[in-house]
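# Sequence isn't available, so here's the structure alone:
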């Protein structure tokens, strides 16, 4: 399936993250210049810049002004990043959503506990933008949904959870494709997200954890994904 616009930048970021995980780019390495890397990935330089920005946010890359973009040397960031190889595992939607159910409720809990005020604002901003995309059935729904959930996971300040972001995105993407055919799922998602954002705004850890759990359970039920 072809991806357009900003959704492609998220996919590109995930691809670069996987290349880092496989050792193509090692901690401390300088990435090729924009033109060369964009040509290698067969994308525009604009898309590449967006993808690099995503990886800077995740902590995998750092920009040194006037020098270039480098893979961060932080061992804590890279220690568990081999988990990204799971992306190549042949799994179905049920497997992916069960994985989300195992990790994301607790991620919401720790996001409330550890997020900076700025990170809370980022989560809420992406949540509001996501709601707008859902209401107008904008093609950027996929991208915004990923950004919202990624912002929560990143706010845990846990490198292992951060390493799972490409897998979360894979599950979310599959869910959006299904949800586009169901207005009821869109309405449910808005309601669930509002509840989740309210608890995150209040830094209510248990509330956010429960809201995320119910959101994923509701989605699984809407898609007729077995819960046993």
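Sure, I can see it. Since the model is a prediction, treat every value here as computed from it, not as a measurement.
# what comes up buried for stretch 220-228?
220, 222-223, 225 (16 or more other CB atoms under 10 Å). Backbone N, C-alpha and C define where each C-beta goes, glycine included.
# Give me the subset of the residues you listed that lies in strands.
Among these, none falls in strands (DSSP state E).
# quick one: which of these is nearest residue 12?
Comparing the buried residues of stretch 220-228 against residue 12 with CB to CB places residue 223 closest, at 27.2 Å.
# my guess is that closest one meets residue 178, correct?
Yes. Judged on CB atoms under 8 Å, residue 223 makes contact with residue 178 at a distance of 5.4 Å.
# Quick check: neighbours shared by the two?
Here residue 223 and residue 178 share the contacting residues 93, 185, scored by CB atoms under 8 Å, 6 or more residues apart in numbering.
# What are the structural domain limits within this protein?
5-78, 90-222 (automatic domain parsing).
# Where does residue 121 sit, in terms of helix or strand?
Assigned by DSSP states H and E, residue 121 belongs to helix 117-135.
# before we move on, back to that, with distance to residue 204 and pLDDT as extra columns, can I get the buried residues of stretch 220-228 in JSON lines?
Converted to JSON lines, the buried residues of stretch 220-228 look like this (distance: CB to CB, whole Å; pLDDT from 0 to 100):
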{"residue": "220", "distance to residue 204": "24", "pLDDT": "91"}
{"residue": "222", "distance to residue 204": "25", "pLDDT": "89"}
{"residue": "223", "distance to residue 204": "28", "pLDDT": "87"}
{"residue": "225", "distance to residue 204": "27", "pLDDT": "89"}
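# What is the most widely separated pair among the residues you listed?
222 and 225 (8.6 Å).
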